[in-house]
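Have a look at this prediction, sequence included:
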Amino acid sequence: MAMTSIQFQPGMSLSELFEQYGTERQCEQALEQARWPEGFHCPSCSGIEHSCFYVKENKYWQCSACRAQTSLRSGSIFHGSKLPFRKWFQAMFLISQSKNNISALELKRQLGVGYPTAWRVKHKLMQVMAEREVGRALQGDVVMDDAYLGGERRGKAGRGSENKVPFVAAVQLSTQGHPQVARFDPIGAFKKADIGQWAERYLCASTQVLSDGLNCFPGVAQAGAVHVPEVVGTGRRSTDMPCFAWMNTLLGNLKTALAGTYHAFNFRKYAHRYLAEYQYRFNRRFDLKAILPRLLRAAVTTGPRTETWLRLAEHSC
């Protein structure tokens, strides 16, 4: 394999993690800087005048205007968590720097916590990724394909399997034909109306969409996009067609990462979150060192997400 600057960039090493975020105090300072980069702003009234006090080594800010009290955890994804911040940073490191994925079971072992705690941490961080990616729209030249999660062990094969969860895979290409950003979104069914609704959310009107000619894909016209079908046809495989090379590579990597890491999860309930995790890392692959600080910023600006909320099916971000 030819070496590329993207594939072989150093990223953040384990040594750098402990140098920068090895103590609780270092983590707290990083969180405070991420949450209030220009100084404290009251989340209730946006006031800046405040005082600070400590309760059992936990720092609190009290707004001088409305008297509201705030901690680093309150109002963020860390809300209600008793897990030390350094454990959260280790989890963010493992999830953001992993080439494939890391399961909740492996996270449990790496962090030295119970499985329920590891599951909550994993799903909270995946939810942060999902909410960060929800506003991403594709433009220019885009290749789309239909894909499925699950259904390998029982039920009928192919499209229409009752055990498979359908999702749209779309990748935006540069003028040189290289992948820039991608979207992987669960969808109700591969019908023109469903594709039209997806396109209205995630495609710009100027987009030119290349697909394999599946009957539903002309639905992208609902968003003003131009559909260019490249029909695969009988006896012809998309893997033999250069125009689908990047899409096949991305889907192959995605499915390998999921199958090799997660041996069992509820596809129908949680597919959106697991797909968002892969999408988040892929779209930030050009600067691996920056992924953890960016994830930290997203975590402190995402509101509380309880376990009950996380276990509900098919949240809209």
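In hand now; what should we look at?

what's the neighbour count on Ser206?
10 (other CB atoms under 10 Å). Glycine gets a C-beta too; all of them are placed from N, C-alpha and C.

Relative to Glu277, how far out is it?
To Glu277, Ser206 is 29 Å away according to CB to CB, to the nearest Å.

Ala91 now?
13 Å.

likewise Trp119?
14 Å.

And these two? Which one has more around it.
Glu277 (26 against 19).

if I pick that one, what's in contact with it?
Taking CB atoms under 8 Å, 6 or more residues apart in numbering as the criterion, Glu277 is in contact with Ile95, Asn101, Met126, Met129, Ala130.

Could you provide the residues you listed in CSV, with additional columns for neighbour count and distance to Lys108?
CSV is the format used below for the contacts of Glu277 (neighbours: other CB atoms under 10 Å; distance: CB to CB, whole Å):
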residue, neighbour count, distance to Lys108
Ile95, 23, 13
Asn101, 20, 14
Met126, 22, 16
Met129, 26, 20
Ala130, 21, 22
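
of all those, which two lie farthest apart?
Asn101 and Ala130 (14.5 Å; CB to CB).

Okay, now the unreliable bits of the stretch 1-150 of the chain?
1-3 (pLDDT under 70).

all helices for it, in order.
14-21, 24-35, 85-97, 104-111, 115-133 (DSSP state H, counting those that start in this stretch).

chain center to stretch 54-65: distance?
32 Å (CA atoms, centre = their mean, to the nearest Å).

Report the buried residues of that stretch.
Neighbour-count burial for stretch 54-65 flags Trp61, Cys63 (criterion: 16 or more other CB atoms under 10 Å).

what's in contact with that stretch?
Contacts for stretch 54-65 (CB under 8 Å, 6+ apart): 28, 40, 42, 44-45, 47, 49-53, 68-72.

Return the member of the residues you listed nearest to Thr4.
Glu28 (37.4 Å).

State the number of residues packed around the closest one.
Around Glu28 there are 17 residues (other CB under 10 Å).

would TSV of the contacts of Glu277 with distance to Arg183 be doable?
Formatted as TSV, the contacts of Glu277 follow (distance: CB to CB, whole Å):
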residue	distance to Arg183
Ile95	20
Asn101	18
Met126	16
Met129	13
Ala130	12
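
ok, Arg201 - contacts?
Applying CB under 8 Å, 6+ apart, the residues near Arg201 are Ala137.

That one: which element?
Arg201 is part of helix 192-202 when elements are defined by DSSP states H and E.

Send me that helix as CSV with only the CA atoms.
The C-alpha trace of helix 192-202 is given here as CSV (Å, rounded to 0.1, in the frame of the first residue of the first chain):
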residue,chain,number,x,y,z
LYS,A,192,-38.5,7.7,-3.6
ALA,A,193,-40.3,9.6,-0.9
ASP,A,194,-37.9,8.6,1.8
ILE,A,195,-34.9,9.5,-0.4
GLY,A,196,-36.5,12.8,-1.2
GLN,A,197,-36.9,13.6,2.5
TRP,A,198,-33.3,12.6,3.2
ALA,A,199,-32.1,14.8,0.3
GLU,A,200,-33.9,17.8,1.6
ARG,A,201,-32.1,17.5,4.9
TYR,A,202,-28.6,16.6,3.7
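
got the buried residues for that helix?
Lys192, Asp194, Ile195, Gly196, Gln197, Trp198, Ala199, Tyr202.

how about these in TSV, adding pLDDT?
Output for those, formatted as TSV (pLDDT from 0 to 100):
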residue	pLDDT
Lys192	95
Asp194	96
Ile195	96
Gly196	96
Gln197	96
Trp198	97
Ala199	96
Tyr202	97
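
of the residues you listed, closest to Ser76?
Using CB to CB, the buried residues of helix 192-202 come closest to Ser76 at Tyr202, 26.9 Å.

who touches that closest one in this structure?
Per CB under 8 Å, 6+ apart, neighbours of Tyr202: Arg136, Ala137, Leu138, Ala170, Arg183, Asp185.

pretty sure the first one is touching Asn283, no?
Yes - taking CB atoms under 8 Å as the contact criterion, Arg136 and Asn283 are neighbours in contact, 7.0 Å apart.

Thanks a lot, catch you later.
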